[in-house]
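**Q** Quick one: sequence and predicted model below, then my questions.
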Amino acid sequence: MSRLWSFLTATRGRDRLHWTDWVSYGYLIFGVLLMFGPVVWLVLSSFKSPNELDRFPPRFLPYAQETLEIEGFDSPLLAFIVTEGELTGEVVGQTRRAAGRAEVVLPADPETRIRIPANTLAPIEDVAFATENYTSLFERFNFLQFFWNSTFITVMATALMLLVNSMAAFVLSKYEFRGRTAVLLLVIGTLMIPQTVVLVPLFLIVTEMGMFNSLWGVIIPGAATPTGVFLLRQYMITIPDEILDAARMDKASEWKIFWRIIVPLSAPAIAVLAILAIMWRWNDFLWPLIVLTRTENFTLQLALNSFQGELQTDWPSLLAMTVLTLLPIACVFMFLQKYIATGIASTGGK
Amino acid sequence: MARVELKNVKKSYGVAEVIKGIDLDIAHGEFCVFVGPSGCGKSTLLRMISGLEPITGGDIRIGDEVVNRVPAADRGLAMVFQSYALYPHMSVRQNLSFGLENINTPRAEIERKVGEVAKMLQIDMLLDRRPKDLSGGQRQRVAIGRAVVREPKVFLFDEPLSNLDAELRVEMRGEIVALHRRLQNSMIYVTHDQVEAMTMADKIAVLRLGRLEQFGRPLDLYNRPDNLFVAGFIGSPKMNFIRGRVSESDRTVMELETDERLTLPENGFAQQPGEAVTLGIRPNQLRAGEDGPIALEVATIEQLGGDSYLYGKLRNGTGITLHLAGQTSVRIGEVIAITPEIEAVHLFDSETERSLRLS
């Protein structure tokens, strides 16, 4: 903890702040605001009630008006403080409001109803988190089903992609065969074709194979990616051939060489690819939107989209679900981000 | 019995022929060294024997079986690689046991064998370390251990000592020889260092450009080299070569390019009058003195205390090395007279480069 603190407060100047300290801290704080501002805004907004969301100008923290339990009234009354007139400074409960006039009662004297101009009343507000935005996700919508669909697609697709890509990369990096370069060029060449171009043919194939409206229809078309094959191949090339020869002399089958030698030694590159794949799959929208049309198959991204109607948008649910959708991917990234740098930088070898 | 026999073995990559037909016969239990300059095909030949490199012609027999089509794993060989090729993600113990696991050796058996080998190679306290935490010499031992633990019929070593420092190299050299003596297996060892070859081998195969130049015992190669290449390659410092022509009138007289004359042995060599010949003489078999048939201008002197080396030039510029026991009073720039010991002379045909020795 103290190390973290000394890291965060490191300065160039010994006693006073050097001008570079001002510049770098200013720059860093600006960056933090730029990156985290929207996220913080999203999280705070997800705790706001619908009224508060509609309020203009918006306020940073979620507020809710306080209420008063007053004898003789079935439901709690909205609490106000009076700003003008005889009752200035008194806390009152509002019973009715119409045509610029409000009917209020004093908590001490619930029998007497007083009529005063509505513009002399200021609402008493406090910071309050509208957690019902979240609970209603589970009550009103099948959030867990969407979450499961997204998780299933992400996990299966990532596992399948790592397997297919690493096997292809192994062959393309470590076996000599006629047409190897041609195959590699073909694989890389597909990078030049935008996904939108193949969307329709891909859809037809998926439908023909009976995978329409099935999670597998989302998973399988992306099981092999040219970037993944290329990334892993470049990494596997750096594994010395002598190690493979040694394994062959050790009577290891080619399959065993792949699992026991190649895969563990390519772990940093595989980790990078796994992170990229998880983020891509979790956030993928277009392809699931095309393949999945039934609500019970929706991923989180599709469910989020369905909150946004043509006439009306369910902002509280949308914001709350956005936060819940962000959380897993943020966790994955936090735990695995160190592999991104090391995986790309390290070249293996002895 | 693990006799290794090569019959007219060839290898080509496309049109480039890198092994041009090699015949070799390595008896069981022999320590055979392949030596040659880099690019001579010695490592390729070793990989062909191991099965890692397919052959394009000829036959390889191990024991009495032709193994041309037998995959590397099934030839009963073990190999130690130049870069050690240890599995970096496995501990030393796992490195040693990987090969045994692959042939489904029972767990207890693996433990026992790994323990034995580790003890023998003095790596038993390193078993739980990773290769990256070991020194070069320790890695080398682990690599050897990985080969030994599988009890192969034949060991193959591919320049195993070239990554070690000089002192460690000498030490490991001794250990490999001791290992050979203890295991009594056949070993094939590739090196470019002729000192390694001379000190370790039962038999040396000298290779050049994919051809076998000579195959024989170290001292036979030293004493009776078949050709100029072997004569120049084996022995340190290198043999001196002096070019000239046998006199038309007397086959025991050699006329040098410098117009000097040397006496040739009358018997033992098949030199013909008028033939262009190259005379070879090792640096320690040249005598220096006041008078002698050849003049040498001394350019450099190395005094090692116990020995002295003189480097000089003949009148036509041919470089000559001279070894003298003890210390010398010769100065740089001095011209001295040298005499080859006539019984130590080697004679080669200048054109074919083959020895003229009558066997």
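**A** Great, that's in hand.
**Q** the helices in the stretch 101-250 of chain A, which residues?
**A** Secondary structure of the stretch 101-250 of chain A by DSSP state H, counting those that start in this stretch: the helices cover A:132-140, A:143-174, A:180-189, A:195-208, A:215-219, A:226-237, A:241-249.
**Q** Need phi/psi at A:Tyr27.
**A** Per-residue torsions, A:Tyr27: phi -60, psi -40 (degrees, to the nearest 10).
**Q** Let's see the pLDDT reported for it.
**A** With respect to pLDDT, A:Tyr27 scores 95.
**Q** Next one: it from chain B, what distance?
**A** Counting by CB to the nearest CB, to the nearest Å, the gap from A:Tyr27 to chain B is 38 Å. Glycine gets a C-beta too; all of them are placed from N, C-alpha and C.
**Q** Contact partners for that residue?
**A** By CB atoms under 8 Å, 6 or more residues apart in numbering or on different chains, A:Tyr27 lies in contact with nothing.
**Q** Contact partners for B:Arg287?
**A** By CB under 8 Å, 6+ apart, B:Arg287 lies in contact with B:338-341.
**Q** Now rank these by neighbours and give me the top one.
**A** For the contacts of B:Arg287, the largest number of neighbours (other CB atoms under 10 Å in any protein chain shown) sits with B:Pro340, at 23 neighbours.
**Q** picking that back up, the contacts of B:Arg287 into JSON lines, with extra columns for pLDDT?
**A** Putting the contacts of B:Arg287 into JSON lines (pLDDT from 0 to 100) gives the following:
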{"residue": "B:Ile338", "pLDDT": "92"}
{"residue": "B:Thr339", "pLDDT": "92"}
{"residue": "B:Pro340", "pLDDT": "92"}
{"residue": "B:Glu341", "pLDDT": "91"}
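**Q** any idea which of the residues you listed is closest to A:Lys174?
**A** Distance to A:Lys174, by CB to CB, is smallest for B:Pro340 among those, at 55.8 Å.
**Q** quick one on the thing from earlier: from the contacts of B:Arg287, which land in strands?
**A** Within the contacts of B:Arg287, membership in strands is found for B:338-340, as judged by DSSP state E.
**Q** so how many other residues sit close to B:Ile320?
**A** 21.
**Q** same thing with B:Ala276?
**A** By other CB under 10 Å, 12 other residues sit near B:Ala276.
**Q** before we move on, what about A:Thr225?
**A** Number of residues near A:Thr225 (other CB under 10 Å) recorded here: 20.
**Q** Dump the helices of the stretch 101-250 of chain A to TSV, plus distance to A:Pro58, mean pLDDT and mean neighbour count.
**A** Conversion of those to TSV gives the following (distance: least, CB to CB, whole Å; pLDDT from 0 to 100; neighbours: other CB atoms under 10 Å in any protein chain shown):
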stretch	distance to A:Pro58	mean pLDDT	mean neighbour count
helix A:132-140	16	86	15
helix A:143-174	26	94	19
helix A:180-189	48	93	13
helix A:195-208	36	92	12
helix A:215-219	37	93	22
helix A:226-237	40	92	21
helix A:241-249	60	93	22
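**Q** Nearest to chain B, out of those?
**A** Proximity to chain B (CB to the nearest CB) singles out helix A:241-249 among the helices of the stretch 101-250 of chain A, at 3.8 Å.
**Q** quick one, the closest one and helix A:143-174 angle?
**A** Helix A:241-249 and helix A:143-174 meet at an angle of 90 degrees, taking axes from the mean of the first three to the mean of the last three CA atoms, to 10 degrees as the criterion.
**Q** quick check, distance from helix A:241-249 to the centre of its chain.
**A** Remark: helix A:241-249 is offset 43 Å from the chain centroid, using CA atoms, centre = their mean, to the nearest Å.
**Q** I'd like the next helix or strand past it.
**A** Using DSSP states H and E, the helix or strand that follows helix A:241-249 in sequence is helix A:254-256.
**Q** Going by neighbour count, list what's buried in the helix or strand that that following helix is followed by.
**A** The helix or strand immediately downstream of helix A:254-256 is helix A:263-265, counting by DSSP H and E. Under the neighbour-count criterion of 16 or more other CB atoms under 10 Å in any protein chain shown, helix A:263-265 has A:263, A:265 buried.
**Q** Go through the helix or strand following helix A:263-265 and flag the buried ones.
**A** On the C-terminal side of helix A:263-265, the closest following helix or strand by DSSP H and E is helix A:267-283. For helix A:267-283, the neighbour count (16+ other CB under 10 Å) marks A:268-282 as buried.
**Q** For the stretch 51-200 of chain B, what lies in contact range of chain A?
**A** Residues of the stretch 51-200 of chain B lying near chain A by CB under 8 Å from any CB of the partner chain: B:52, B:71-74, B:77-79, B:81-89, B:98-99, B:102-103, B:131-132, B:146, B:150.
**Q** Could you write me a PyMOL select line covering just the buried ones among these?
**A** Entered in PyMOL, the line below selects the buried ones among these, by 16+ other CB under 10 Å:
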select buried, chain B and resi 52+72+73+77+78+79+81+82+83+84+85+86+87+88+89+98+99+102+131+146+150
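**Q** In helices, which of the residues of the stretch 51-200 of chain B next to chain A fall?
**A** Per DSSP state H, helices hold the following members of these: B:98-99, B:102, B:146.
**Q** Determine which two of those residues are furthest apart.
**A** Maximum pairwise distance among those (CB to CB): 12.0 Å, between B:Asn102 and B:Arg146.
**Q** where in chain B is pLDDT low?
**A** The model of chain B has pLDDT under 70 over residues B:1.
**Q** Okay, helices next: where are they in it?
**A** Secondary structure of chain B, counting by DSSP H: helices at B:42-50, B:92-102, B:107-120, B:136-148, B:166-183, B:194-200, B:218-223, B:228-233.
**Q** Present the ones you listed as TSV; the columns should include distance to B:Leu356.
**A** Listed next are the helices of chain B as TSV, based on distance: least, CB to CB, whole Å:
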stretch	distance to B:Leu356
helix B:42-50	28
helix B:92-102	50
helix B:107-120	49
helix B:136-148	43
helix B:166-183	35
helix B:194-200	23
helix B:218-223	15
helix B:228-233	11
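**Q** Format the helices of the stretch 101-250 of chain A as TSV; extra columns: distance to B:Asn163.
**A** Compiled in TSV, those are given as follows (distance: least, CB to CB, whole Å):
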stretch	distance to B:Asn163
helix A:132-140	62
helix A:143-174	23
helix A:180-189	31
helix A:195-208	49
helix A:215-219	47
helix A:226-237	22
helix A:241-249	12
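**Q** Save those helices as TSV, and put in distance to chain B too.
**A** Below are these laid out as TSV (distance: least, CB to the nearest CB, whole Å):
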stretch	distance to chain B
helix A:132-140	44
helix A:143-174	13
helix A:180-189	16
helix A:195-208	36
helix A:215-219	30
helix A:226-237	14
helix A:241-249	4
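**Q** Kindly report the residues of the stretch 201-350 of chain A close to chain B.
**A** Selection of the stretch 201-350 of chain A residues close to chain B by CB under 8 Å from any CB yields A:240, A:242-243, A:245-253, A:256, A:260-261, A:264-265, A:267, A:350.
**Q** residue contacts, residue 332?
**A** Picked chain A for this. Neighbour list for A:Val332: A:275, A:278-279 [criterion: CB under 8 Å, 6+ apart].
**Q** That was the other one, I meant chain B.
**A** B:Ile332 sits next to B:298-301 when contact means CB under 8 Å, 6+ apart.
**Q** can you rerun that using 10 Å?
**A** Counting by CB atoms under 10 Å, 6 or more residues apart in numbering or on different chains, B:Ile332 makes contact with B:297-301, B:310-312.
**Q** Equivalent analysis for B:Asp259, please.
**A** Neighbour list for B:Asp259: B:244, B:315-316 [criterion: CB under 10 Å, 6+ apart].
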